[in-house]
Each structure stands twice: as C-alpha cells, then as structure tokens.
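Visitor: Okay, sequence plus prediction incoming.
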2 protein chains.
Amino acid sequence: MKPEALTSAAFAPFGDVIETDGRESRLINDGTCLRFDDLAQIDVLEQGGRPGLSIFAADPRPSPLRVRVLERHPLASQAFIPLQSQPFLVIVAEEGRTPVAERVRAYLSSGRQGVNYRRNVWHHPLIALTPDARFLVVDRIGAGENCEECVLEQSVVVEL
Amino acid sequence: MKPEALTSAAFAPFGDVIETDGRESRLINDGTCLRFDDLAQIDVLEQGGRPGLSIFAADPRPSPLRVRVLERHPLASQAFIPLQSQPFLVIVAEEGRTPVAERVRAYLSSGRQGVNYRRNVWHHPLIALTPDARFLVVDRIGAGENCEECVLEQSVVVEL
C-alpha cells in the first residue's frame, strides 16, 4: 500500500494531527506571535501517570517497510512532533472484526504535522524516513502495563 | 548585556533545558531509535489544570531587545521547543532583593535546545530571532489566574 496525505479528517478515528494549517489562532506577546492553542488531547493521568517530555532520535527502517507488529498503549495517549520539519510515516489500524492487515492505514506527515495517538489505538512504532530524525514525544510516565503488542497474521508492505 | 550559552547547569535555577547532548538514552524500537527520556518536569495540574500542546509562530522583536516587562505563571511550568532547530533567546530573572534589572539573565538556545520554565520563574515572553519561528509549547490549560507581570524599574538591553 501507499500512504495517504495526513489530514485531521482522515486521522480523526486515531487521534489528533498537531498542525497549524486550517486552525484558529490568536495574536499574543505584543502582536509578535500567533498562538495555535490546545492542539491535542493529552491523556496521561490514568493510574497515577504524569505527562513526560522526551526526545526520540530515529533512523530509517529498511524500505519498503514490512509491517508485522503493531502496539497500543491502554493507559495513555502518545504524541510525536518532528523537530526538523522532517516528513515521517504514520501507520495505524482501525478497530474492527476483519483481519488486522485489512484495517491498516498509512499516512505521510508533511513534516509540519505531528500526531497524537489516542489511548488504545493500534499503531506502528516510530518510522523515520531520514537519518537521526528527532521527534519530541509527549506520553505517560508512570508505573503500570502501558504497552500491548499485536502480531499481524499477514504482513503489510508500505511503499513511499 | 550579551546572552550566555544555554546550559543545564546555568539554567538550573529557572527550569529544564530540553536537549539530548550529555543525556542518557536507551535503544528502543528494534534498535532504530534512541529514547532520551523525561527531559522536563511538566507541572500543570494545579487547580484542575491539564497539559496542553500548542504551537506558537513568532516573528523577531526589534533589535537590540529592550527588556521592560517580565511575566511568570504561578500555577504551572511552561515549555518551549523549537520546531525548525532555530536558535532563540531566553531571558529570565533570578529571585532576590536587588532591583530586578540586576537579576536578569540572558541565554541563547542553540536551536537543538528547548526550555521549560519552572512555575513562578520570571521570564520574558517568547523571543524569536527568525521570521515565522515555530515552537511547540507545553503548558497548563485550565481556569485560574496563571499570569503575573512585572515592569522593570530600569530596562535591560540585550544584544546578540
């Protein structure tokens, strides 16, 4: 499969697209700055969790990408925002009864777009497309089992 | 005054430097990614607050910068992370009894460094050095009086 462009509408079942295009803003700081407010639902407080800020530095995976394992976080959302305006690949799976491979969706971030996976949304671990690609990550810090994995009965190949 | 290089040690009285240099990491995601974990103390839950993710798009202020007003947030921390690896100016004031102008400190982020102002730390609103400079901001969303201003008895000029 080939990835689609990442849009808020297409991604709505999975979480938030963190971007400014098409969003409302207000002028602050003596008119020097536009604030695009509250772009993601950060959901990290379950079972005594707290919000954590981390940086991931990732290298590309072999191409074409063969999707075999997805993961999800039952206790929290998880947000990824590119720090070098670098495009990256976003792979998720819809809920449903058909085999997981049929429910996989792939999106390409423009690099000016981050994503926030909603709690319990199946997604592929971070997929960088450039070396040493840096992302800010906002997720849950705390005890508890917050990662489940799912092995696809049939792998899905994603080509850029 | 001229800004100093931003370092964790110098900035410790004011908050966190969000960066990877010199920080520990661990390898995740099948060895494709380094995770630099939990780089800032996000303190936003006071009085029913919740963590918010916003984007600021800022233009430079007139140069040299004349610092006249500082602000602080009594209910929460506030983090700024550059989204285009762009350097920016960070101005804070130490606590103390001498006039505020004498306690002002200026730091220059390399562009690979964000900052997280601790609750109640006096700081200047965002100072971009390049047009349409974009920053991810993590702060508190919620009701309550979360901004105080302080007008300096004597302004401070900061030159790059």
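Guide: Received, thanks.

Visitor: Remind me what the helix or strand A:Leu34 falls within packs against, helices and strands.
Guide: Assigned by DSSP states H and E, A:Leu34 belongs to strand A:33-36. Contacts defined by 3 or more CB pairs under 8 Å, 6 or more residues apart in numbering or on different chains; DSSP states H and E place strand A:33-36 against strand A:26-28, strand B:50-58. All C-beta atoms are positioned from the backbone trio N, CA, C, and that covers glycine.

Visitor: Tell me the neighbouring strands of the first one, and mark each as parallel or antiparallel.
Guide: Meaning strand A:26-28. Strand pairing for strand A:26-28, using DSSP bridges, gives strand A:33-36 (antiparallel).

Visitor: now do the longest one
Guide: Sheet pairing of strand B:50-58 (DSSP bridges) gives strand A:33-36 (antiparallel), strand B:133-141 (antiparallel).

Visitor: What's the biggest strand in chain A, counting residues?
Guide: In chain A, assigned by DSSP state E, the strand with the most residues is strand A:148-158.

Visitor: Determine which of the strands paired with strand B:50-58 approaches B:Gly15 most closely.
Guide: Of all the strands paired with strand B:50-58, strand B:133-141 sits nearest to B:Gly15, with 11.9 Å by CB to CB.

Visitor: Which residue of chain A lies farthest from its centroid?
Guide: The C-alpha centroid of chain A is most remote from A:Asp30, which lies 33.6 Å away (CA atoms, centre = their mean).

Visitor: what's the nearest residue to A:His124 if we skip its chain neighbours?
Guide: Excluding the flanking residues, the one nearest A:His124 by CB to CB, 6 or more residues apart in numbering or on different chains is A:Ile91, at 3.8 Å.

Visitor: er, A:Val156 actually
Guide: Excluding its sequence neighbours, the residue lying closest to A:Val156 (CB to CB, 6+ apart) is A:Val67, at 4.3 Å.

Visitor: which residues does the residue nearest to the spatial centre of chain A contact?
Guide: When CA atoms, centre = their mean is applied to chain A, the residue found nearest the centroid is A:Val115 (4.0 Å). Contact analysis of A:Val115 by CB atoms under 8 Å, 6 or more residues apart in numbering or on different chains lists A:Leu6, A:Phe11, A:Phe14, A:Gly15, A:Asp16, A:Val17, A:Ile18, A:Ala79, A:Phe80, A:Val90, A:Tyr107, A:Ser109.

Visitor: What's opposite it in the beta bridge?
Guide: Bridge pairing for A:Val115 (DSSP bridges) gives the partners A:Val17, A:Phe80.

Visitor: Let's see the pLDDT reported for it.
Guide: Confidence at A:Val115, expressed as pLDDT, is 98.

Visitor: Can you tell me how far it is from B:Gly49?
Guide: Noted for A:Val115: a distance of 24 Å to B:Gly49, by CB to CB, to the nearest Å.

Visitor: now swap in A:Val90 and tell me
Guide: Taking CB to CB, one finds A:Val90 at 29 Å from B:Gly49.

Visitor: And stretch A:31-51, what's buried?
Guide: Buried residues in stretch A:31-51, counted by 16 or more other CB atoms under 10 Å in any protein chain shown: A:32-45, A:49-51.

Visitor: Mind checking the pLDDT average for it?
Guide: Averaged over stretch A:31-51, pLDDT sits at 97.
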